[in-house]
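Novice: 3D, please:
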Amino acid sequence: MSKKIIRAIIPIAPTQYDSAYVNQLARSLDNFIDEARNPIVNIPNMPTVGAANILEVGDLYESNGFVKIKRASDVFSGSSQAATAVGTVTVVIT
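Specialist: As a prediction, this is how the structure comes out:
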């Protein structure tokens, strides 16, 4: 069963108000109501979890298809690589 949402109607402004301002307010509220009913979210260039170690607290990032918010308690160590080699060491004492 669908519910019918009744749009709020803002009355025409009295003469002591700036009618242009109130009309702009009414249009803004109508736009907000439309966007709230049909949200379209697009966040371009959202970083992935691999870049989360350079983000600030409160920044958004994507992890396995989910949008997450970096918290102060989150720790992202990143990745490190190291290579070593063992050779011959000669010590001469005279």
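
Novice: Give me the phi and psi angles of the residue nearest to I69 when sequence neighbours are not counted.
Specialist: Leaving aside its chain neighbours, I69 sits nearest to L60 (5.9 Å; criterion: Cβ to Cβ, 6 or more residues apart in numbering). Glycine gets a C-beta too; all of them are placed from N, C-alpha and C. Dihedral pair for L60: phi -90, psi 150, per degrees, to the nearest 10.

Novice: Can you name the element that comes right after the worst-scoring helix or strand of the chain on mean pLDDT?
Specialist: One helix or strand of the chain scores below all others by mean pLDDT, DSSP states H and E: helix 19-37, with a mean of 82. Using DSSP states H and E, the helix or strand that follows helix 19-37 in sequence is strand 60-63.

Novice: Enumerate the positions of that following strand that are buried.
Specialist: Neighbour-count burial for strand 60-63, counted by 16 or more other Cβ atoms under 10 Å, picks out 61-62.

Novice: can you check stretch 58-76 too?
Specialist: For stretch 58-76, the neighbour count (16+ other Cβ under 10 Å) marks 61-62, 70 as buried.

Novice: Output those residues as a markdown table; include the columns pLDDT and distance to F32.
Specialist: A markdown table is the format used below for these (pLDDT from 0 to 100; distance: Cβ to Cβ, whole Å):
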| residue | pLDDT | distance to F32 |
| --- | --- | --- |
| Y61 | 88 | 27 |
| E62 | 88 | 27 |
| K70 | 87 | 28 |
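
Novice: which one of the residues you listed is nearest P47?
Specialist: Closest approach between the buried residues of stretch 58-76 and P47, by Cβ to Cβ: Y61, at 4.9 Å.

Novice: Dig out what the closest one forms beta bridges with.
Specialist: Taking DSSP bridges as the rule, Y61 bridges to K68.

Novice: just checking, it touches N45?
Specialist: No. Counting by Cβ atoms under 8 Å, Y61 sits too far from N45 to count as a contact (11.1 Å).

Novice: now the least confident helix or strand of the chain, how far from the chain's geometric center?
Specialist: Between the centre of helix 19-37 and the centre of its host chain there is 25 Å, according to Cα atoms, centre = their mean, to the nearest Å.

Novice: Go ahead and confirm A72 touches G58.
Specialist: No. With contact defined as Cβ under 8 Å, A72 does not count as touching G58 (9.1 Å).
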